[in-house]
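Novice: Below are the sequence and a predicted model; questions follow.
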Amino acid sequence: RLTSERYIDDVSPGIPCEDKLLAKSDVLFVIPRFEGKNISDDNAWCAKILALNKTLAMHGVYHEYNEFGTDRSEAYVQMGAEDFKRCFGFYPQGFKAPQLVMSGYNKKMMEKKYIIYGLFEQFTHKTYHCDNAGKLPNWLQGMI
């Protein structure tokens, strides 16, 4: 954890995030449609996140509770990937399910197209949250 990449979850224009937290993270997990608002509708935000020159991955589609614990269609996932592409100019290569919950069906489907970030990565990397709602507060994460 001391030398591994730093992650930040819940990146979205609808969730305030400290610039210093974004700057020190290596991988940003972006929610394409938080609270029904498409990230691609906020061009200034897209440009700001892209300018950080970080690895960007998709974090659910809507980031609803147990979103990927329920079987989803490829069309559902593609909808989020299209919003991601409209925002950043490329499709996501990585995916992390909200709350790290993914049904077996979804896992098989997602592994065909994405690098999956899961529980192992959560334990081996410092993972911050824009809204500071993780299991450990952000200030404590920085000390571990």
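Specialist: Received it, and whenever you're ready, just let me know what you need. Because the structure is predicted, anything quoted here is derived from the model rather than measured. Residues are numbered from 1 along each chain as shown.
Novice: Skipping adjacent residues, who's closest to Arg86 in space?
Specialist: Ser40 (3.6 Å; C-beta to C-beta, 6 or more residues apart in numbering). No exception for glycine: its C-beta is placed from N, CA and C like everyone else's.
Novice: same thing with Lys107?
Specialist: Closest to Lys107 by C-beta to C-beta, 6+ apart is Ile116, at 7.1 Å.
Novice: Confirm that the one you found sits in a strand.
Specialist: Yes: assessed with DSSP: H, G, I helix; E, B strand; the rest coil, Ile116 lies in a strand.
Novice: My guess is it contacts Leu100. True?
Specialist: No: using C-beta atoms under 8 Å, Ile116 makes no contact with Leu100, being 10.1 Å away.
Novice: SS state for Ala57?
Specialist: strand.
Novice: so the closest residue to it other than its chain neighbours bridges to which residues?
Specialist: The shortest distance from Ala57 to any non-neighbouring residue, by C-beta to C-beta, 6+ apart, is to Gly94 (3.2 Å). Under DSSP bridges, the beta-bridge partners of Gly94 are Ile115.
Novice: Val30 is in contact with Gly94, correct?
Specialist: No: in this structure, Gly94 is not within contact of Val30 by C-beta under 8 Å, at 10.1 Å.
Novice: so where's the chain uncertain?
Specialist: 1-3, 120, 132-144 (pLDDT under 70).
Novice: longest helix of it?
Specialist: helix 74-88 (DSSP state H).
Novice: Pull out the buried positions in that one.
Specialist: By neighbour count on 16 or more other C-beta atoms under 10 Å, the buried set for helix 74-88 is Val77, Met79, Gly80, Ala81, Asp83, Phe84, Cys87, Phe88.
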